[in-house]
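Engineer: Sharing a sequence plus its predicted fold:
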Amino acid sequence: MLASDQPQQARAILELFVAAAAGRDLAGHYLLARSYAALELWQESLDQYDLYLLSGRPAIAYAYLDRGRALRSLDRPAEAAASAEAGIALGLTAAAERTCVLFTAESYEQAGVLGTALAWYQRLLSTGSFADQALSLARIASIKRLQADPTAASDVQRLLAGYPTTSEALEELDEALARGELVAPTVSGLIYYRHFDYAAAATAFEAQIGGGGAPQASASAEAYYYKAAIEESRGELEAALASYALAVQLNPGSPIADDALWWQGRILEDGGKHDEAAGLFAQIVTAYPNSTWASAAAFRRGLIPYREGLFGAASAAWGQGLIVVADAGDRGRLALWQGKATLKDGDQGLARSLLEPLTIVNEDDYTGIRALSLLENRHDQPMATREAALDLSPAFDWQAAKAWLSLRTGAAIGRVWSGDPRWTRALELWLVGRVSEGDDEAFGLIEAYAGNAVAMYTLARDLEALGRAGLSARAGQRLLRVLNANPRDGLPRALLSLSYPAAFSASVQRHSASAGISPLLLLAFVRQESFFDPRAESSAGALGLSQVLPTTGRTIVATLGVGDYDADRLLTADFNLRFGASYMASQLAEFDDELFVALAAYNAGPAAARRWRAAAGTDADLFLETVEFTETRIYVQFVAENYAIYRYLYGGETAPTLPP
């Protein structure tokens, strides 16, 4: 009822329950306290929190924070801060502690105890997230200004230079300029750039490199780089090329020099100047081997001749890349494409020598799955289908799986984590409706024992039994990492299924059947979208298992004939799966059941997918590399990988494979 925003109904039941329990179920006090808080009955809420704290139950650290919120609502901020401090002293997860530290700092600031507030903001600055640090610096500077402390200016400069993407930086920049304080043009330009105010950013960068600035100074390299990015966004490509070139020329040791070479190369490549582009990509590989672009540059060197039908030259370029690229994942990508090019060039023997090892070592990841398709001469888009041999409730042999695990690890199967207080706290927090906090405690437990395969197995099984599908799958994922085995190594399907569960199977089957898509495909993209968390929310506002945007949900309503659409309902599993299945079905229909194109459309929108499809034709691998959004490209790869494994586990396939 509390989760469904029905606190009055919850209160009515809980008051009777707490009275009848007569102290035998003290967790009820926490729930009743939350009900009163939702109704803004702060004193009543405080009384119930106090009763819960007397119980000594596992979640009292969290109750202290919630109690502090009630106190602050009663305009007792100093007491609120003290309550939160008591919770911190008892031990919390890192995320909960950051919340508690911020609450304590804000409460002391509200109480006018500024010196103590500063100390707590300093603590958050040293332990908090990126966003926490930006907020801390802003509050520290504000308090110091109230105290006439001249060091406030250095805190502002640290905020502006180190946290340009944050709202605090933009606000402090405007205030600093209004106060007449000096801000370096590149610093202000970058803040405006990161907040998409390109006009103001361009003015700032011009102040650095022109109008009495320092156009030839190495310090101007960064200004030229962002000036180029703005020019590129405006379609001023010749100007952008010149600015990128100056960024490298003025300071080849700058952290953005390799970025400038990369984007310069991409403009030239898109403009048909392939030789010049290849030269810049080669420069990145040789001069900046540790660049984040090095492997991508090595790949583009081969893709240029491949697109021109020069398969032998492409194979040679990718072979050279394999010599210099160290990352295993990037090497797999290069080997896959070298094998593909060699197949097209007619050298079956060399192609097999490149592709067959991938199908063994990388059997259950994207590279190996695609290598298997190429060995079967399947270069075109995999087509979405509904599997004939479908079983979402297979009779996995768990006893055999446990025996295999015990033999491989040399350890008996047991719950080595069962006495860990994080487990008892998680159980209590779930009981009192503090779901995200309980999940954080359980995730901390998973991370603490992540290197122990037996612990991950037993945790995954227990979490699965409690209905915590997402956390169970995460423990299963850690299990697979520790075992480092695939089906060819004898990895039992039962153990693989822990990371790839048939979660929410009744809803998945019902809604996939209604939409006319494979339930395994629905599971595959739910795993990637939310990792089976029904209440997942993205930074972009996408909600639930299949991460449906509320605006997208409104367009689906008419198709489904839903008369009582409310975006909050997307946070319930069954409702969300209905919408996700419908939207995926519409993308498949739009793109003739071409799997990679439909997945790209689901992630990035149909207009972008249509453009990439037109550029790549039916070649699945070329389509993927035509996708200019890294997030979308990785998304398609992971969903395809998930789908292949789901087909192996629940679709009757003898190995992880995509449909033809």
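Structural biologist: All right, it came through fine. Residues are numbered from 1 along each chain as shown.
Engineer: Count the residues that sit near residue 609.
Structural biologist: Neighbour count of residue 609, defined by other Cβ atoms under 10 Å: 26. C-betas here are computed from N, CA, C, even on glycine.
Engineer: can you give me the helices for the stretch 401-550 of the chain?
Structural biologist: 421-431, 435-448, 453-465, 469-483, 493-499, 505-515, 519-530, 550-560 (DSSP state H, counting those that start in this stretch).
Engineer: before we move on, what about the stretch 1-150 of the chain?
Structural biologist: In the stretch 1-150 of the chain, the helices defined using DSSP H, counting those that start in this stretch lie at 7-21, 27-38, 42-55, 60-73, 77-90, 94-111, 114-127, 130-146.
Engineer: contacts for the shortest one?
Structural biologist: By that I understand helix 27-38. The contact list for helix 27-38 (Cβ atoms under 8 Å, 6 or more residues apart in numbering) reads 2, 5, 7, 10-11, 14-15, 17-18, 21, 42, 44-49, 51-52, 55, 57, 59, 63, 66-67, 69-70, 73, 428, 431-433.
Engineer: Phi, psi for residue 183 please.
Structural biologist: With angles defined as degrees, to the nearest 10, residue 183 sits at phi -130, psi 130.
Engineer: Please tell me how far the closest residue to it other than its chain neighbours sits from residue 419.
Structural biologist: Leaving aside its sequence neighbours, residue 183 sits nearest to residue 176 (Cβ to Cβ, 6 or more residues apart in numbering; 5.8 Å). The gap separating residue 176 from residue 419 is 53 Å, by Cβ to Cβ, to the nearest Å.
Engineer: ditto for residue 548
Structural biologist: As judged by Cβ to Cβ, residue 548 and residue 419 stand 41 Å apart.
Engineer: and those two? which has more neighbours close in?
Structural biologist: More neighbours surround residue 548 than the other of residue 548 and residue 419, with 25 against 8 (other Cβ under 10 Å).
Engineer: Please name the bridge partners of the more buried one.
Structural biologist: Note on residue 548: beta-bridge partners by DSSP bridges are residue 543.
Engineer: Residue 579 is in contact with that one, correct?
Structural biologist: Yes: look at residue 548 against residue 579 with Cβ atoms under 8 Å: they come within range, at 5.0 Å.
Engineer: Could I get the CA-only coordinates of stretch 527-546 as CSV?
Structural biologist: Taking Å, rounded to 0.1, in the frame of the first residue of the first chain, the C-alpha atoms of stretch 527-546 are listed here in CSV:
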residue,chain,number,x,y,z
ARG,A,527,18.3,-8.3,-19.1
GLN,A,528,20.2,-5.6,-20.9
GLU,A,529,17.7,-2.8,-20.2
SER,A,530,17.1,-3.2,-16.5
PHE,A,531,18.8,-6.4,-15.4
PHE,A,532,15.4,-7.6,-14.1
ASP,A,533,14.7,-4.7,-11.8
PRO,A,534,11.0,-3.8,-12.2
ARG,A,535,11.6,-0.4,-10.6
ALA,A,536,14.7,0.6,-12.6
GLU,A,537,14.8,4.3,-13.7
SER,A,538,17.4,5.6,-16.1
SER,A,539,18.9,9.1,-16.1
ALA,A,540,16.8,9.8,-19.2
GLY,A,541,13.6,8.9,-17.4
ALA,A,542,13.0,5.4,-18.9
LEU,A,543,11.1,3.2,-16.5
GLY,A,544,10.8,-0.5,-15.5
LEU,A,545,11.9,-3.8,-16.9
SER,A,546,12.0,-2.8,-20.5
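Engineer: Please list the outside residues in contact with that stretch.
Structural biologist: With Cβ under 8 Å, 6+ apart as the test, stretch 527-546 has contacts from 435-436, 439, 469-470, 473-474, 500-501, 503-504, 522, 525-526, 547-550, 553, 567, 570-573, 575-577, 579-581, 583-584, 635, 638-639, 642.
Engineer: go on, stretch 440-448?
Structural biologist: 93-96, 417, 420, 422-423, 425-426, 429, 456, 459, 463, 468, 471, 474-475, 478.
Engineer: before we move on, what about stretch 356-372?
Structural biologist: Contacts for stretch 356-372 (Cβ under 8 Å, 6+ apart): 329, 332-333, 335-336, 339, 355, 375, 486-488, 496, 620-621, 637-638, 640-641, 644-645, 648, 655-658.
Engineer: Show me which of those residues are buried.
Structural biologist: Neighbour counting by 16 or more other Cβ atoms under 10 Å classes 332-333, 335-336, 339, 355, 375, 486-487, 496, 620-621, 637-638, 640-641, 644-645, 648, 655-658 among these as buried.
Engineer: tell me the mean pLDDT over the longest helix that the chain contains?
Structural biologist: In the chain, taking DSSP state H as the definition, the longest helix is helix 630-650. In this model, helix 630-650 has an average pLDDT of 97.
Engineer: among the helices and strands of the protein, which has the poorest mean pLDDT?
Structural biologist: In the chain, the helix or strand scored least confidently by mean pLDDT, DSSP states H and E is helix 550-560, which has a mean of 89.
Engineer: Just the buried positions in that helix, please.
Structural biologist: 552-553, 556, 560.
Engineer: Likewise for stretch 194-212?
Structural biologist: Buried residues in stretch 194-212, counting neighbours by 16+ other Cβ under 10 Å, are found at 194-195, 198, 201-202, 204-209.
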